[in-house]
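*Asks:* next input, structure requested:
(one chain, ligands or ions: 1)
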Amino acid sequence: MEKIIDESQQGSTLSLENNEKNGRKLYIESYGCQMNFSDSEIVASILAKEGFNTTQDLNDADLVLVNTCSIREKAEQTVRKRLEKFNAVKRTRPNMKVGVLGCMAERLKSKFLEEEKIVDMVVGPDAYKDLPNLIQEIDEGRNAVNVILSKDETYGDVAPVRLNTNGVSAFVSITRGCDNMCTFCVVPFTRGRERSRDPQSILEEVNDLWDRGFKEITLLGQNVDSYLWYGGGLKKDFDKATDMQKATSVNFAGLLELVAHAQPKMRIRFSTSNPQDMTLDVIEAMAKYRNICKYIHLPVQSGSNRILKAMNRLHTREEYFELIDNIKKLIPDCAISQDMITGFPTETEEDHQDTLSLMEYVKYDFGFMFAYSERPGTLAERKMDDDIPEETKKRRLTEIIDLQQKHSHYRTQEHLGKTEEILIEGTSKKSDAHWMGRNSQNTVAVFPKEHYKVGDFVNVKINECTSATLIGEAVGYSENN
Ligand code: SAM
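*Replies:* Residues are numbered from 1 along each chain as shown. Take a look at the predicted model:
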């Protein structure tokens, strides 16, 4: 399924086809959200032009890069452990250089470079085009750093290389940064203000992916519904745009329609939606185009109005229900998933019960649930005590996860007996004789391989299910094939 944090992917090394002319070796490891994995593809593309091939062997690398995540403390600890490992290797291979990319860059640059001296280079998420200069600096024996956040960098002009791809699904980044200022969240500080990418460059990338055989794309951003192109610049400066810019601006619903129309057989997904920014025209566009997948990742974080307010989520529980009702009215078979944070400062048992009752109302298809982790620099860290004991956070988290498990099973059972279009992504993890793919709702399905192949759209009759997987048999190609 769509994974904000895909644990199986965390720390995976990325590799691409080698260019014989390139003489240096890059080892790049990525952590965190899909945006980070997508960014690593941009970095690899930039460095391929600088003479680097990728390697999966740390001991073989000239340059080791780790694309980092700051969203929770645990993510940072994992990266720190990896940096210790890289330094151990470096002791035997002193010419090897180590660089930190991404969200940990800004906050920890001096610690990494000057105090602990465990890296040679620190590069923030908006500075990847500066990598050729920064690498020259470290080649000449100096430390290098660029963590400047940009007003307009979207990497729209860098064609990302596709790393570790199944050749079927790809990410296409449409916005960078975030303006929401949720009080728990570090993203606005690590990735900067929100800006949107030129729709023309998005369309070109999607068309190119289709021509290369890809069948599904996910439009990526911290808050895709907030997408707004008016000729470039920060979202917050839209007020200052000219009348002409405003009249010709493209919002997210407009972008979805452009992409869906340009490639009518390409499956279109998007992530992440923020309830406060999701408008009816987006749901209408989803209902109108068959190729826009019927699945919305719609994080709510809490079911309590008091906590939503403290989190600066700019909607109430009642408004969220209204949005859910509208989605289900226009797209009855739409799957919905959540992100939930438990144990936010001051959360009472009553607030927690509100979260459970909200989940009971929606009965989400999937969920990603986290215990609150205080992040330096956020408004919650500055203004509130992290006052919920760890055991309480854990117990509430378990209750939320158990309820989600029940709802996921309820939702997968709804598919039983139906015949659904599955896009084949690869061999099932559990059986070489079975394909694994997803339906429009993003639920994983497995079925015997027969004569079908990766990238085929196949109609599959669903006979059994677990809480996470549909099990069925193919009954023929779908009309999309
Ligand atoms: N932009 C999206 C949004 O606002 O809903 C997703 C942002 S984040 C990359 C993914 C998820 O991590 C969030 O939806 C939230 O549930 C979780 N998260 C963010 N900050 C957190 C924190 N300080 N502690 C625990 N979980 C957190």
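
*Asks:* nearest to the ligand within the stretch 51-200 of the chain, name that residue for me.
*Replies:* Residue nearest to the ligand within the stretch 51-200 of the chain (CB to the nearest ligand atom): Phe184, separated by 4.1 Å. Where C-beta positions appear, they are placed from N, C-alpha and C, glycine not excepted.

*Asks:* list the contacts of that residue.
*Replies:* Residues near Phe184 by CB atoms under 8 Å, 6 or more residues apart in numbering: Gln301, Met311, Ile341, Phe344, Tyr372, Arg375, Thr378, Ala380.

*Asks:* so what's the residue count around the fourth one?
*Replies:* Read it as Phe344. Phe344 has 25 neighbours, counted by other CB atoms under 10 Å.

*Asks:* surely it touches Asp385?
*Replies:* No: using CB atoms under 8 Å as the test, Phe344 is too far from Asp385 to be in contact (11.3 Å).

*Asks:* got the residues of the protein near the ligand?
*Replies:* 4, 33, 71-72, 178, 180, 182, 184-185, 187, 222-223, 272, 274, 299, 301, 339, 341, 370, 372-373, 375 (CB under 6 Å from any ligand atom).

*Asks:* what's the pLDDT at Tyr155?
*Replies:* Looking at Tyr155, its pLDDT is 92.

*Asks:* how many residues are close by the residue lying closest to it once chain neighbours are set aside?
*Replies:* Excluding the flanking residues, the one nearest Tyr155 by CB to CB, 6 or more residues apart in numbering is Ile42, at 5.1 Å. Ile42 has 19 neighbours, counted by other CB under 10 Å.

*Asks:* before we move on, the earlier item: would you convert the contacts of Phe184 into TSV that also reports pLDDT?
*Replies:* Below are the contacts of Phe184 laid out as TSV (pLDDT from 0 to 100):
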residue	pLDDT
Gln301	98
Met311	98
Ile341	98
Phe344	98
Tyr372	98
Arg375	96
Thr378	96
Ala380	98
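
*Asks:* which one of those residues sits closest to Val66?
*Replies:* The shortest approach to Val66 among the contacts of Phe184 belongs to Arg375, at 19.1 Å (CB to CB).

*Asks:* that closest one belongs to a strand?
*Replies:* No: applying DSSP: H, G, I helix; E, B strand; the rest coil, one finds Arg375 to be coil, outside a strand.

*Asks:* residues touching it, list them.
*Replies:* Here Arg375 is in contact with Ser70, Ile71, Arg72, Glu73, Phe184, Cys185, Val186, Glu381 (CB under 8 Å, 6+ apart).

*Asks:* and the buried ones among those residues, selectable in ChimeraX?
*Replies:* Per 16 or more other CB atoms under 10 Å, the buried members of the contacts of Arg375 correspond to this ChimeraX selection:
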select :70,71,72,184,185,186,381
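
*Asks:* any chance of the contacts of Arg375 in a markdown table, plus secondary structure, pLDDT and distance to Leu280?
*Replies:* Output for the contacts of Arg375, formatted as a markdown table (DSSP: H, G, I helix; E, B strand; the rest coil; pLDDT from 0 to 100; distance: CB to CB, whole Å):
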| residue | secondary structure | pLDDT | distance to Leu280 |
| --- | --- | --- | --- |
| Ser70 | coil | 93 | 34 |
| Ile71 | coil | 93 | 30 |
| Arg72 | coil | 93 | 33 |
| Glu73 | helix | 93 | 38 |
| Phe184 | coil | 98 | 28 |
| Cys185 | coil | 96 | 26 |
| Val186 | coil | 95 | 31 |
| Glu381 | helix | 97 | 36 |
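
*Asks:* ok, so of the contacts of Arg375, who is nearest Lys461?
*Replies:* Ile71 (39.5 Å).

*Asks:* low-confidence stretches in the stretch 151-300 of the chain?
*Replies:* Applying pLDDT under 70 to the stretch 151-300 of the chain picks out no residues at all.

*Asks:* can you name the residue of the stretch 151-300 of the chain nearest to the ligand?
*Replies:* Pro299 (3.5 Å).

*Asks:* could you pull out the strands for the stretch 201-350 of the chain?
*Replies:* 216-220, 228-229, 250-251, 267-271, 295-297, 335-342 (DSSP state E, counting those that start in this stretch).

*Asks:* need those strands in JSON lines (columns: mean neighbour count).
*Replies:* Output for the strands of the stretch 201-350 of the chain, formatted as JSON lines (neighbours: other CB atoms under 10 Å):
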{"stretch": "strand 216-220", "mean neighbour count": "22"}
{"stretch": "strand 228-229", "mean neighbour count": "23"}
{"stretch": "strand 250-251", "mean neighbour count": "18"}
{"stretch": "strand 267-271", "mean neighbour count": "24"}
{"stretch": "strand 295-297", "mean neighbour count": "27"}
{"stretch": "strand 335-342", "mean neighbour count": "23"}
